[in-house]
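Asker: A structural model of the following input is requested.
(2 chains)
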Number of protein chains: 2
Amino acid sequence: MTGLILFVHGARDARWREPFDRLARKVEAARPDLAVTLAFLELMQPDLLTAAGALAARGCRSLRIVPVFLGQGGHVREDLPEAVNALRERYPGLEVELRIAIGEDDAVQDQIVTTALMGLP
Amino acid sequence: MTGLILFVHGARDARWREPFDRLARKVEAARPDLAVTLAFLELMQPDLLTAAGALAARGCRSLRIVPVFLGQGGHVREDLPEAVNALRERYPGLEVELRIAIGEDDAVQDQIVTTALMGLP
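Answerer: Numbers count the residues shown, from 1 in each chain, chains lettered A, B, ... in the order given. A predicted model of the protein is given here:
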């Protein structure tokens, strides 16, 4: 089984995660054969290592990590690769694929543009 | 002229804003008749009030504010409506439209799902 981790920032406000929970449900609906979970950089649980461990325990041999970040700052450039390195050391048997941040994706950007302009005269 | 403000978080790392600059250029390319600008909640300039003042000075009578946020926490629920209220008080002649955060938008969510799953066997 392949595991898919939606890696997000985390926040103090519990309601902050609602759009990400919805996103995870959409991914599950689209691909019920995958094991889908959120993981948080800070302030919420599970962190990346814990989430990956749970997926490995469920039988995943390969993991895709999708950073659901818009900006391209230190979290995406430094914290995340560091966390992924720690994950690879901890679970050497797992095949780990780290994707680009969704904010860098051209199709996502184009949809944000379309949404931003919707209904304007 | 209508002004469009892409309202984003801001960060210490100057490179953080690159995807948002790209987004603003895409919006300008799609609608060269609009006056498009970024505004930042914190750590970067201009803030919302300053950005709106610049658009008003360029002749905008109506403004659309698009929160380019994924999570639905205190920034979107509290800080942003507060900033928009201050803006409406400061520029009573401006017609101000506040959109939902792009992370709440169904089409954006669907595109994130498609991007997250791309190329998976």
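Asker: what's near enough to touch A:Leu48?
Answerer: By C-beta atoms under 8 Å, 6 or more residues apart in numbering or on different chains, the contact set of A:Leu48 is A:Ile5, A:Phe7, A:Ala39, A:Leu41, A:Ile65, A:Ala83, A:Val84, A:Ala86, A:Leu87. The C-beta positions use only the backbone N, C-alpha and C, and glycine is treated the same way.
Asker: rerun at 10 Å
Answerer: A:5, A:7, A:39-41, A:63, A:65, A:79-80, A:82-84, A:86-87 (C-beta atoms under 10 Å, 6 or more residues apart in numbering or on different chains).
Asker: Generate a PyMOL selection restricted to the buried subset of these.
Answerer: To isolate the buried ones among those in PyMOL, judged by 16 or more other C-beta atoms under 10 Å in any protein chain shown, type:
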select buried, chain A and resi 5+7+39+40+41+63+65+80+83+84+87
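Asker: wait, what's in contact with A:Leu63?
Answerer: Contact analysis of A:Leu63 by C-beta under 10 Å, 6+ apart lists A:2-5, A:35, A:37, A:48, A:51-52, A:55-56, A:84, A:87-88, A:91, A:94-98.
Asker: before we move on, the earlier item: got CSV for the contacts of A:Leu48, with pLDDT, distance to B:Arg12 and secondary structure too?
Answerer: Shown next, in CSV, are the contacts of A:Leu48 (pLDDT from 0 to 100; distance: C-beta to C-beta, whole Å; DSSP: H, G, I helix; E, B strand; the rest coil):
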residue, pLDDT, distance to B:Arg12, secondary structure
A:Ile5, 98, 26, strand
A:Phe7, 97, 20, strand
A:Ala39, 97, 23, strand
A:Phe40, 96, 20, strand
A:Leu41, 92, 16, coil
A:Leu63, 97, 30, strand
A:Ile65, 97, 24, strand
A:Asp79, 89, 13, helix
A:Leu80, 91, 17, helix
A:Glu82, 92, 18, helix
A:Ala83, 92, 19, helix
A:Val84, 94, 22, helix
A:Ala86, 93, 23, helix
A:Leu87, 94, 26, helix
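Asker: biggest separation within the contacts of A:Leu48, which pair?
Answerer: A:Leu63 and A:Asp79 (17.7 Å; C-beta to C-beta).
Asker: what ranges do the strands span in chain A?
Answerer: For chain A, the strands defined by DSSP state E cover A:2-8, A:35-40, A:62-67, A:95-98.
Asker: tell me the most buried of these?
Answerer: Compared across the strands of chain A, strand A:2-8 shows the largest average neighbour count, a mean of 24 (mean count of other C-beta atoms under 10 Å in any protein chain shown).
Asker: Done for today, thanks.
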